[in-house]
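Undergrad: Could you look at this predicted model? Sequence included:
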Amino acid sequence: MNNQTSAFDLTLQAPPGKHSRLTRAVQTTNEADFQDVSPLPTTVGGEVSFELPAQSLYTLQFTY
């Protein structure tokens, strides 16, 4: 969740396991609830990197 008035870059550790895969990302803002994010954030070396927009909430869904 980003309560700030500006966006920032965020890198998170993906769930462990070589079969873990980011399958969906949704964003909630003042204008939309649970809107699908496309394209999906980049996953490299077990880390997920993306820009978290101002005043928004991201939800990431992984499968194993």
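TA: Sure thing, it's come through.

Undergrad: quick one: strands adjacent to the lowest-mean-pLDDT helix or strand in the chain?
TA: Across the helices and strands of the chain, mean confidence by mean pLDDT, DSSP states H and E is lowest for strand 42-44: a mean of 89. Strand 42-44 sits in its sheet next to strand 47-52 (antiparallel), going by DSSP bridges.

Undergrad: Now tell me what touches the least confident helix or strand of the chain from outside.
TA: Ala14, Arg21, Leu22, Val48, Ser49, Phe50 (C-beta atoms under 8 Å, 6 or more residues apart in numbering). (Glycine included, C-beta is placed from N, CA and C.)

Undergrad: Looking at those residues, which is nearest Ala7?
TA: Phe50 (9.9 Å; C-beta to C-beta).

Undergrad: I'd like the distance between the closest one and Asn2.
TA: 11 Å (C-beta to C-beta, to the nearest Å).
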